[in-house]
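S.K.: sequence and predicted structure below; questions after.
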Amino acid sequence: MKTIQLFISILAAASVIASTALADSSIQRIYIIHFSHTDIGFTDMPGVCRELQQRYLDIALDGVLATMSKPAAQRFHWTCESLVTVDDWWQAASPSRRKDFLKALRSGQLDVAALPCNQSPFLDAAQWRTMLRWVPEDLWRQFKPAVALQSDVNGFPRAGAMALLDRGVTRLCMSINSDSGGPPFFRPSAFWWKMPDGRRLFVYLNETYPHGYDFFESAHWRRGPVPFASDTRYRPPRAGDFFRTDEASLRAAHKQCLQQIARIQKGGYKHNVLMLSMTNHWRMDNDPPFLAIADFVAAWNKLGLKPELVFTTATKAMQAMEKAIGSDVPEHEGEFTDWWANGVVSGPREVAATRVAKRLLAAAQSPLWGPMPASGTSKAHSLYKDLCLFDEHTWGSSWSVAFPWTLDTQAQFAEKAMLAWRPMGQAEWLLSQRARTRLLREGEGLFVANPSRRPFSGWVRIPATCLRDDYHSLIDLSTGARLPLLFETGIRSWSAPKNPGELSRENTAATFPDNVPNQMAKFWVENLAPDSFVRLRLEKQPAAAEPKPKSGLTIQLDDQGWPVSSQWAGMKKPLFVGNVGEFSAVKVNAFAPRWLLKDICAAGSSPRGDELRKKHIETVPATAEGKATIEETPHTRVYVQWLKHPRVEWAQRRLELWKREPRARVTLRFNRISSEAPEILYAGFTLPCEGTLPRVSNGGVPFTPFKEQIPGSCRDHIALDGWADYATPDGHWLWVSRDAPLVSFDSPQIWTRRQTPPEHPERLLAMLFNNFWYTNFVADEHGVMEFQFDLVWREKLDTRAATDLADALVAEPVVLINSGGPESPIVMQRLFNP
């Protein structure tokens, strides 16, 4: 009895202490939301993750239905973070189960968030339209999403925010993972995010998505820390493992909660309400519902502990937070750029494949081909979904960098990579169907189509094997002009090389010769109008030699014959200056270098960070292997140079200068040597626009880096659609990247966490490869890689024109050869109709 009385006395004293602490606290109510953070991969194979999430939704639905008739304080609540999960579940569910789902939605205990998944910042405008139309419209109206959740990822594009607003979603909860990045400013906090068109989104910067657990528990239950769901040596938590409801446990949880409140108040939190999210504690990611939360919250409130806990959904919590604090939070404008974007370029081939797929899908939807049939529209929507899932933030196993060659690591990335390769192949086929259904009815000929929004001028290349006779020219049937048909070396497939001269330096496989004369044919097309085609006729008669144009082109070369300046008539400054297409690598000189990088990340722009970078970070530029070679044609001049660098087997850069317009194309190819050590590979470009900040875009929304960004968001690297426009009094310099959508300015920014513009923003570094991450991303993508960049100058160029021009510069013309009479209607219908 005395022991019991002593225990009661201790509890009473603790209650007094807690009450005193609460008196100093302005927080009167905590809204708790519960969801499973959706990684499509990382913890398990991506396909397994999607099945798990469907099963978790079943558990949550049963939890809602089982508590629906209980008093409000005892009801279970669940928020579906991912619309992908809801869509997967709905397609597999029976009619009766679907009715249960809609019943749970109407009860307010089940909530569906608006976004399909947590996204990296590489979606284009078409993908964002797909993201917000993931489910059929009738389902969207029944689900009524009113809130969006973006968890883990360190940023969110304005293109996505505006797409949400377009669909009536006005609230966004960001649960940023601070690992290798972090939130732009103190959290928990909120702000109004003002869009370029004046609309606003209410944004709540949540603690990390599982952090609600730490407000009530002082020790982690999780072990592993990331066991597979299939690992029977681990299990998900059960009632009683934590969030216990006996009074002693509740008092301990209360003490922990007050300590956490004191922490955030010390950091500047001043509101009287707070919102927290909880995941489960099996793995934290891809975890099932913890049904015991409802009992814990009910027991807490029954005991009279303060703050009051309200177990609810994300929609209701965000509504309550906006109502309570919306008039007392700041407004911010600009792009919410993402620290984690650098991980995506650990897989540059797959990124390039997605960009090919996006270009092909855009081309397939050109008005040139006529209306898209419903079947083609459905196909394109499916491919855009795959591309959105590729741009989902999960890239691989939790072991992916530490142990890159395990079966799990390889298998997870194989699933991920198919979201790039499948759309690329299917988009190629869709575009070919569109071209055939439109052009085959035009009769015989060789057709060149330009499905872009700007005129096309350039070489059209075709394999010589597609020519069925000894042709040497083409006649433009609309003008009568004769075009020369020229031939180049190329691949002779399915035959052995006859001598070493038939093998290029790159061809170490030595299986099919790739340096055989007359294997590729090419001809020049000048100023082919947007969304149009030209019909040509192949002829054996050679064309007369083309006259050399007066280009007014002035070129300066370095001592190895590589251009360092190129200027056309009418320009006051050259198109580029210095070592255009400069290849360099950043390496880390340290034991366990990725842990050293985490130290640099934490130190940021501090003197300690500068000291670590100076000591451990080294940039190694490539050097010329020899003099550049020159190829002269009537339309372009081409420089080719081999480079030396310790991180590649070989490297070659190619610069093609157009003679009739201020335009250049740089193609950089190299063979990266396998290495798991962290490194960044760059291609450098310097433009004569000293001190000028460029205009770029993300998801079709333009912005100026450093000027139009959320305070504290990432400026070390910027994800963009693929172009940067430098506007100066002397005209516009447009830089365009076909394959690499991530850039830094001035110099490599290795966790400098800079917020002010660099000294030389006119120096642009395209990030070609980056394996600095210690998990989730690709450790060692190696072998041959290719990157293409275009530079053009225009006297005037608005943002819309810059977008269209950039798209056109990387677009390829569509070539169709029709010979031998009309195609069978059956073949047209069954094979070529999309």
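M.R.: All right, it came through fine.

S.K.: quick one: the helices in the stretch 51-200 of the chain, in order.
M.R.: Taking DSSP state H, counting those that start in this stretch as the criterion, the stretch 51-200 of the chain carries its helices at 83-92, 95-107, 125-131, 137-143, 158-166.

S.K.: got TSV for the ones you listed, with distance to residue 389 too?
M.R.: Backbone N, C-alpha and C define where each C-beta goes, glycine included. As requested, these are arranged in TSV below (distance: least, CB to CB, whole Å):
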stretch	distance to residue 389
helix 83-92	7
helix 95-107	23
helix 125-131	10
helix 137-143	19
helix 158-166	15
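
S.K.: would you say residue 440 is within a strand?
M.R.: No: counting by DSSP: H, G, I helix; E, B strand; the rest coil, residue 440 is not part of a strand but helix.

S.K.: can you get me a residue count around it?
M.R.: As a burial measure, residue 440 scores 17 neighbours (other CB atoms under 10 Å).

S.K.: likewise for residue 256?
M.R.: As a burial measure, the neighbour count of residue 256 was computed by other CB under 10 Å and equals 16.

S.K.: check which element follows the helix or strand hosting it along the chain.
M.R.: Here residue 256, judged by DSSP states H and E, is contained in helix 247-266. Moving toward the C-terminus from helix 247-266, the first helix or strand encountered (DSSP H and E) is strand 273-278.

S.K.: whichever helix or strand comes after that next one: which residues count as buried?
M.R.: In the C-terminal direction, the helix or strand that comes right after strand 273-278 (DSSP H and E) is helix 293-302. The neighbour-count check on helix 293-302 (16 or more other CB atoms under 10 Å) flags 293-301 as buried.

S.K.: which of these lies closest to residue 801?
M.R.: Distance ranking of those against residue 801, using CB to CB, places residue 293 first at 54.1 Å.

S.K.: quick revisit: any chance of the buried residues of helix 293-302 in CSV, with pLDDT too?
M.R.: Supplementary listing: those in CSV, determined by pLDDT from 0 to 100:
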residue, pLDDT
293, 98
294, 98
295, 98
296, 99
297, 99
298, 98
299, 98
300, 99
301, 98
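
S.K.: and which of these is nearest to residue 149?
M.R.: Within the set of these, residue 293 lies nearest residue 149; the separation is 17.5 Å, counting by CB to CB.

S.K.: hmm, the closest one is touching residue 312, no?
M.R.: No: with contact defined as CB atoms under 8 Å, residue 293 and residue 312 do not form a contacting pair (11.2 Å).

S.K.: list residues touching both of those two?
M.R.: Among the neighbours of residue 293, those also in contact with residue 312 (CB atoms under 8 Å, 6 or more residues apart in numbering) are residue 32.

S.K.: quick check: mean pLDDT of stretch 421-437?
M.R.: Predicted confidence along stretch 421-437 averages 99 (mean pLDDT).

S.K.: ok, stretch 391-402 next?
M.R.: Regarding stretch 391-402, the rounded mean pLDDT is 97.

S.K.: and if you look at stretch 253-265?
M.R.: Mean predicted lDDT for stretch 253-265 stands at 98.

S.K.: and stretch 723-740, by the same measure?
M.R.: If you average the pLDDT over stretch 723-740, you get 99.

S.K.: buried residues in it, which are they?
M.R.: Of the residues in stretch 723-740, 723-728, 731-740 count as buried by neighbour count, 16+ other CB under 10 Å.

S.K.: what bits of the stretch 351-500 of the chain have low per-residue confidence?
M.R.: By pLDDT under 70, the stretch 351-500 of the chain contains no weakly predicted segment.

S.K.: hey, where'd the strands end up in it?
M.R.: Secondary structure of the stretch 351-500 of the chain, counting by DSSP state E, counting those that start in this stretch: strands at 445-450, 456-463, 473-476, 482-484, 486-490.

S.K.: can I assume residue 478 is in contact with residue 534?
M.R.: Yes: the pair residue 478 and residue 534 passes the contact test of CB under 8 Å, sitting 6.7 Å apart.

S.K.: quick one: the helices in the stretch 501-650 of the chain?
M.R.: Counting by DSSP H, counting those that start in this stretch, the stretch 501-650 of the chain has these helices, from start to end: 593-603, 607-616.

S.K.: quick one: closest of these to residue 828.
M.R.: Sorting the helices of the stretch 501-650 of the chain by CB to CB, the top spot, which is the nearest, belongs to helix 593-603 at 55.8 Å.

S.K.: contact partners for residue 582?
M.R.: Neighbour list for residue 582: 621-622, 682-685 [criterion: CB under 8 Å, 6+ apart].

S.K.: okay, and the beta partners of it?
M.R.: Beta-bridge partners of residue 582, counted by DSSP bridges, are residue 684.

S.K.: check residue 577 too.
M.R.: Applying DSSP bridges to residue 577 gives these bridge partners: residue 565, residue 686.

S.K.: pretty sure it sits against residue 685.
M.R.: No: at 9.5 Å, residue 577 and residue 685 do not qualify as touching, with contact defined as CB under 8 Å.

S.K.: more crowded one of these two?
M.R.: A count of neighbours by other CB under 10 Å puts residue 685 above the other of residue 577 and residue 685, at 26 against 20.

S.K.: contact partners for the more buried one?
M.R.: By CB under 8 Å, 6+ apart, the contact list for residue 685 reads 576, 580-582, 666, 735, 763-766, 789, 791.

S.K.: no further queries at this time; thank you.
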